[in-house]
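Colleague: Okay, sequence plus prediction incoming.
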Amino acid sequence: MLHKLKYVLNRNRDCGKFEINQQQLEKMIQKGAILLDVRSPQEFAEGHLEKAVLLPEYEMKEQIQSILPDKSQTIIVYCSTGHRSQKAQQILQKLGYQQVYNLYRGLENYN
């Protein structure tokens, strides 16, 4: 019940400073942003955004340095609903990545 309440409250909030919408996503990709899908390999195989790189949130700490050594690179993370990608965003920021954005509400909000 508490998890569901948090989800409902989170869905109704506005985009934060490091959250982007669909329009911003497309513009940032055109400018060279890296798109990270932080879902599971199975979810990725079922469908993902074009040009996305798979890096599950649970493997982020171990593999990010080899995939993206440039900590100033613009990175956009996404998942199904925005929750895992928000965790991944926080992990990346703690690791020193400076330009990490979360796709607001994840794929559920993407047309």
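Modeller: Arrived safely, thanks for sending. Residues are numbered from 1 along each chain as shown.
Colleague: Tell me which stretches of this protein form strands.
Modeller: 19-20, 34-37, 53-54, 74-78, 99-103 (DSSP state E).
Colleague: Give me the nearest residue to residue 67, chain neighbours excluded.
Modeller: Once flanking residues are discounted, residue 67 sits nearest to residue 55: 6.1 Å by C-beta to C-beta, 6 or more residues apart in numbering. From N, CA and C alone the C-beta is placed, and that goes for glycine too.
Colleague: re earlier: please tabulate the strands of the chain in TSV, including the columns mean pLDDT.
Modeller: Formatted as TSV, these follow (pLDDT from 0 to 100):
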stretch	mean pLDDT
strand 19-20	94
strand 34-37	97
strand 53-54	96
strand 74-78	97
strand 99-103	97
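Colleague: could I get those as TSV with distance to residue 90 and mean neighbour count?
Modeller: Listed next are the strands of the chain as TSV, based on distance: least, C-beta to C-beta, whole Å; neighbours: other C-beta atoms under 10 Å:
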stretch	distance to residue 90	mean neighbour count
strand 19-20	12	18
strand 34-37	14	24
strand 53-54	19	15
strand 74-78	10	25
strand 99-103	9	23
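Colleague: closest to residue 92 out of those?
Modeller: Among those, the nearest to residue 92 by C-beta to C-beta is strand 99-103 (4.5 Å).
Colleague: Mind giving me the packing neighbours of the closest one?
Modeller: Strand 99-103 sits against strand 19-20, helix 22-30, strand 74-78, helix 83-94, with contacts defined as 3 or more C-beta pairs under 8 Å, 6 or more residues apart in numbering; DSSP states H and E.
Colleague: picking that back up, closest to residue 44 out of the strands of the chain?
Modeller: That would be strand 53-54 among those, by C-beta to C-beta, at 4.6 Å.
Colleague: Low-confidence regions, the chain specifically.
Modeller: Within the chain, the segments meeting pLDDT under 70 span 1-16, 111.
Colleague: quick one, which of the helices and strands packed on strand 99-103 is packed in tightest?
Modeller: Stretch with highest mean neighbour count among the helices and strands packed on strand 99-103: strand 74-78 (a mean of 25; mean count of other C-beta atoms under 10 Å).
Colleague: just checking, what packs against it?
Modeller: For strand 74-78, the packing partners by 3+ C-beta pairs under 8 Å, 6+ apart are helix 22-30, strand 34-37, helix 83-94, strand 99-103.
Colleague: Lovely, talk soon.
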